[in-house]
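Novice: Quick check, what structure comes out for this input:
(chains A, B, C and D)
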Number of protein chains: 4
Amino acid sequence: MKNTFEVRTDLAVEEKESFPGNGGEISGVSLREWHRADSRIKMTEVKILDKKGEKAMGKPMGSYITLEADQLSRKDENYHREVSEELARQIGQLLEGEDYRASGFHVLVVGLGNSSVTPDSLGPRVLNNLQVTRHLKVQYGDEFWNGRSMPVISGIVPGVMAQTGMESAEILKGIIHETKPNLIIAIDALAARSVKRLGTTIQLTDTGIHPGSGVGNHRHSLTRESLGVPVMAIGVPTVVGAAAIVHDTVSAMIAALSKGMETKGMGDFVGSMSSDEQYDLIRELLEPEFGPLYVTPPDIDETVKELSYTISEGIHLAFMGEEEE
Amino acid sequence: MKNTFEVRTDLAVEEKESFPGNGGEISGVSLREWHRADSRIKMTEVKILDKKGEKAMGKPMGSYITLEADQLSRKDENYHREVSEELARQIGQLLEGEDYRASGFHVLVVGLGNSSVTPDSLGPRVLNNLQVTRHLKVQYGDEFWNGRSMPVISGIVPGVMAQTGMESAEILKGIIHETKPNLIIAIDALAARSVKRLGTTIQLTDTGIHPGSGVGNHRHSLTRESLGVPVMAIGVPTVVGAAAIVHDTVSAMIAALSKGMETKGMGDFVGSMSSDEQYDLIRELLEPEFGPLYVTPPDIDETVKELSYTISEGIHLAFMGEEEE
Amino acid sequence: MKNTFEVRTDLAVEEKESFPGNGGEISGVSLREWHRADSRIKMTEVKILDKKGEKAMGKPMGSYITLEADQLSRKDENYHREVSEELARQIGQLLEGEDYRASGFHVLVVGLGNSSVTPDSLGPRVLNNLQVTRHLKVQYGDEFWNGRSMPVISGIVPGVMAQTGMESAEILKGIIHETKPNLIIAIDALAARSVKRLGTTIQLTDTGIHPGSGVGNHRHSLTRESLGVPVMAIGVPTVVGAAAIVHDTVSAMIAALSKGMETKGMGDFVGSMSSDEQYDLIRELLEPEFGPLYVTPPDIDETVKELSYTISEGIHLAFMGEEEE
Amino acid sequence: MKNTFEVRTDLAVEEKESFPGNGGEISGVSLREWHRADSRIKMTEVKILDKKGEKAMGKPMGSYITLEADQLSRKDENYHREVSEELARQIGQLLEGEDYRASGFHVLVVGLGNSSVTPDSLGPRVLNNLQVTRHLKVQYGDEFWNGRSMPVISGIVPGVMAQTGMESAEILKGIIHETKPNLIIAIDALAARSVKRLGTTIQLTDTGIHPGSGVGNHRHSLTRESLGVPVMAIGVPTVVGAAAIVHDTVSAMIAALSKGMETKGMGDFVGSMSSDEQYDLIRELLEPEFGPLYVTPPDIDETVKELSYTISEGIHLAFMGEEEE
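Specialist: Numbers count the residues shown, from 1 in each chain, chains lettered A, B, ... in the order given. Have a look, this model is predicted:
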């Protein structure tokens, strides 16, 4: 069974990779990989098409687009521009058919997470860089918008439950009720399965945010169903669950040991225990005492800083187009 | 006319002082001053009783309580405790008749202002120190509350319009609609008329927040009328309008010059111009080009840091009583 | 006498403008103004050539280069790039003759000011964005530098005296003694004379930092004489002294009043008092009670954020050249 | 061999516990444990007495005092006061014989670590709360000190190598050379061996900071030998190395499995591999690809905030005594 444990990863692309015969067919799931010519960014789209796919992947139906680039968190302006442009293009794809650059269109960007915990601060930091426009209309009147085809952008950092006593979903429902956006874009730090994903991947999806996802572990979903508005989610993995690390190391250790060593007994034992069983055992041993622990690299502050800039630029480009000509 | 210019000060106590024959009677306004025995805090209550008082003071009917202490921003734990306790006592007074320490009572504390502009960051900083409790009920269930008579505290930092594209009032209306608090406490940095008020005064009022008040100049009111819930406001002056400074200096300059100098002509001229006329002229000269400018002392960061702690403690004490025994 | 009051402005270009017959000749001071073709940046160079110039300008001998642009603090990437490139070019000009891009060359960049007071946080924020390289040599050994002609960059945020108990000069002397840089670049927020300079001007000088300059009012100088190493200073005005504001307003008020009004007496009086006398009087009235007060616009956080990025990029370009190609 | 792997823990008390027959005698190491009457704080002193003890413990000779309390990071003012007082008392003990409260005595407090990475920000945050006094002497002259017996406190946040390009040791050597302190107190976030130590323990030692210790892994030592001044170090564990977590889980897993299961082969294998061999294998598998990874709990921001306040108060009490009378 795939879904005996829920949050091994927030990345659909990792979920897909974890299937035996990696790259093999799963019923109800389609996979597409490509590189744009001259681009250093590897693109992947995982589409979950039906209930069967949902069950296999442990994630809801919809599109999961991944931008991968080894040096995503490097300080290289040209590179970041390239990523921002690709992100803008993909946002556009997901909104196909919508007149999302029209004057009447209103996007509410939500920065999830805790600004005072570095690996959880991606959302608040993106909002820090975001240029909102909704108040301009209020300040300068409708004529400001005349002749400009520009959607309305607003933004909110709802904070985390330990700071507010409220679920993000409660805060957002209220704001949506008052300001009636056409689209929510939720930004969140994600948990990955593999350390090499940290700071090298951006995931964009039209399925919103689901319970248990993100670094801070939301309990309520932020989706079209729960909020009444389509919800796009943009995330970057910044942590790996400690249980995942242990699992990987144990596997590697076992593999190392079984090679030509006399530890036959262990090899046998391993054969008799599935990866899921191993993982469940590890989680059982790790978590009761301390709750979920996360692993994060020491330079995560740089990663979050750089990528929050890249993502806010991607949103600007998607909705407002080029700044100059 | 008192109210030809709107935001000379957010402090009722300064408004009161500005009347000729300071301390004299104003119809519709009552004044009470006292010291608690052994206390270093000077207390003042200005009550605006009717429409006449509203017109004279340029502020809505209600109670305005001021705690003044020369060294409010000093790092002295005992002193701060004293101020927190007095603040808690006054919050209790304003809520007299309400069963505000009952388990069902829900207070939403709102941190107005911009966390990245030091003198405007009082509200966000108070919320940083605030211990919310509303989520505990959700997390641990009703039995958590059994046997504890503890009101529910939630908190929000709505951000400023340039960051969110939304008015604080819009964000709050939505959240109130969702979470139905019994009371709002809004924390805000204030503009004073006199530099010596900066960091030495806390104002507590049951009238809420009004258009044009605060450092960031809200345009929408946060009041029982606009939000449907009683709104208490706690503020500390952290800036003085540049126009006020100019006005004071001009007055002082003129006074200095007229004493025994041959500048009779100037003295005559001053006599012929009222203080309001002078002030309006100054504002007219100052603001068109640059917008409102604020004056703030260089150690404002320490003041805001210390007082945000004192105020959050005052709220804890008011609603939860002593922490330990 | 020009120099009866010391810190009216940290900008040489404003000092120059304040001379009667603005643009007129001052002995010992040369002025050059230009625009690069297609550039939106106005360039000015004030050179103080000798003791006479020093006395007239109240600033030490050396070059003061100003980049001015109305919308310097706008979020426009192309524009910022233009400014960064111009800044890099001017840094290069001031270092003419030095082999400042050679591998052996070591620049220590110093971020002066207080990171927790918004208008004083320019220096620390530039350092936040700066890419230092000195440790790479230590980490990867000399071979890292082989084939790369790249100067060594190090950086320090010394903090302010109220936080450290030490003068920046003391901290820097120690660090210089240990690490032997060839050049110091000190970044500092400046006080301007005129509100319209705030966030629209960058000053670059080869004369270092002098007592009483900057927002935080250093008391010790950071110069080649005091530190034993050449000191370049880059600054942006983020505050105007309250005294300057008062002075300007009084002047404007007087001018407004004297036009066709019967306030002859006042006009006469004004004629009899020099601008310096007026200013000294204003300072005398303003400061004894409250210390120096500063005026700053409410959106100063955006200005500081944008310009700290522009300046760090300018330094990168000056010493490391184009990032890619 | 104890010391085949270096940084399993920065806590001497954990090193001691790791010996077989926990609590047993180790040659060259003495252990003392006590509770002050009515105190909720458990005290432990590990003394490393000679070379043998150094070798066994993998730490230099000296005293390692630990304050442990389950709820050290709770927001409880009285509790924190108790901890601050105990810390002050222990600082005093380590300085026995020194006239450390005399007017001439100068303490330089150093906040190690990276203020923008939450679990590494303890040092900078303590410095944020610290009241330095050295500049008062400079500002108000010697008469300020007359009649007051108060040592001189200065403070510095040197930053991390990726921000400065310099080792903390280089920066400190320079500052010591200039300002000649009598004592250094270095504050640093530590790595623990066990998750249950995170945020519940403060370690105080007279041995300074050693290569490889701390969250950020200093490479140069900060000791009396390297700096020429006695160095006291105060630390709180905020992370656990991922390798330690893996090791613990593997051990627990093996223990769980061997109980009554048919996995005899594995049990045998385990018997044949020492704990150190296991750990080394784990590190070998974990680190080559990703560098050292750290595990930290999601509420680490609260822990660091609370304890930084407690530690700064402890230092104030140690050197300046009670604030009031």
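Novice: my guess is A:Leu307 is in a helix, correct?
Specialist: Yes - assignment of A:Leu307 by DSSP: H, G, I helix; E, B strand; the rest coil places it within a helix.
Novice: got the contact list for the residue lying closest to it once chain neighbours are set aside?
Specialist: Of all residues not flanking A:Leu307 in the chain, A:Val236 sits nearest, at 5.2 Å (Cβ to Cβ, 6 or more residues apart in numbering or on different chains). Heads up, the C-betas are built off the backbone N, CA and C, glycines and all. Listed by Cβ atoms under 8 Å, 6 or more residues apart in numbering or on different chains, the contact partners of A:Val236 are A:Leu122, A:Ala189, A:Leu190, A:Gly199, A:Thr201, A:Ile202, A:Gln203, A:Thr303, A:Val304, A:Leu307, A:Ile311.
Novice: Need the pLDDT of A:Val236.
Specialist: You'll see A:Val236 listed with a pLDDT of 94.
Novice: With A:Asn217 instead?
Specialist: On pLDDT, A:Asn217 comes in at 65.
Novice: ok so, going back, which of the contacts of A:Val236 has the weakest pLDDT?
Specialist: Where pLDDT dips furthest among the contacts of A:Val236: A:Gly199, at 86.
Novice: need the residues of chain A near chain B, please.
Specialist: Contact residues (Cβ under 8 Å from any Cβ of the partner chain) of chain A with chain B: A:127-128, A:132-136, A:138, A:152-159, A:161-167, A:170-171, A:173-179.
Novice: In the stretch 201-325 of chain A, mark out all the strands, start to finish.
Specialist: A:201-205, A:231-241, A:294-296 (DSSP state E, counting those that start in this stretch).
Novice: For the residue lying closest to A:Val152 once chain neighbours are set aside, give me its contacts.
Specialist: In space, A:Val152 comes closest to A:His106 once its chain neighbours are excluded; the distance is 4.2 Å by Cβ to Cβ, 6+ apart. A:His106 sits next to A:Arg134, A:Pro151, A:Val152, A:Ile153, A:Ser154, A:Thr179, A:Lys180, A:Pro181, A:Asn182, A:Leu183 when contact means Cβ under 8 Å, 6+ apart.
Novice: Quick one: residues contacting the closest residue to the first one other than its chain neighbours.
Specialist: Here the nearest residue to A:Arg134 in space, its sequence neighbours aside, is B:Gly165; by Cβ to Cβ, 6+ apart that works out to 3.1 Å. Each residue near B:Gly165 by Cβ under 8 Å, 6+ apart is listed here: A:Val132, A:Thr133, A:Arg134, A:His135, A:Leu136, A:Val152, A:Ile153, A:Ser154, A:Gly155.
Novice: Same list, the contacts of A:His106, but as a markdown table with pLDDT and secondary structure please.
Specialist: Formatted as a markdown table, the contacts of A:His106 follow (pLDDT from 0 to 100; DSSP: H, G, I helix; E, B strand; the rest coil):
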| residue | pLDDT | secondary structure |
| --- | --- | --- |
| A:Arg134 | 88 | helix |
| A:Pro151 | 87 | coil |
| A:Val152 | 91 | strand |
| A:Ile153 | 94 | strand |
| A:Ser154 | 96 | strand |
| A:Thr179 | 94 | helix |
| A:Lys180 | 96 | coil |
| A:Pro181 | 97 | coil |
| A:Asn182 | 97 | coil |
| A:Leu183 | 97 | strand |
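Novice: Would you agree A:His177 falls within a helix?
Specialist: Yes - counting by three-state DSSP, A:His177 is found in a helix.
Novice: where's the residue nearest to A:Lys305 when sequence neighbours are not counted relative to A:Tyr309, distance?
Specialist: Nearest residue to A:Lys305 in three dimensions, chain neighbours excluded: A:Arg125, at 6.9 Å (Cβ to Cβ, 6+ apart). A:Arg125 sits at a distance of 8 Å from A:Tyr309 (criterion: Cβ to Cβ, to the nearest Å).
Novice: Of those two, give the one with the bigger neighbour count.
Specialist: A:Arg125 (24 against 19; other Cβ atoms under 10 Å in any protein chain shown).
Novice: three-state assignment of the more buried one?
Specialist: helix.
Novice: Could you measure from it over to chain C?
Specialist: 12 Å (Cβ to the nearest Cβ, to the nearest Å).
Novice: give me phi/psi at A:Val132?
Specialist: Main-chain dihedrals, A:Val132, degrees, to the nearest 10: phi -80, psi 160.
Novice: That one contacts A:Met150, doesn't it?
Specialist: No - assessed by Cβ atoms under 8 Å, A:Val132 is found out of contact with A:Met150, at 11.9 Å.
Novice: okay, those two: which has more neighbours?
Specialist: The neighbour comparison of A:Val132 against A:Met150 (other Cβ under 10 Å) goes to A:Val132, with 22 against 18.
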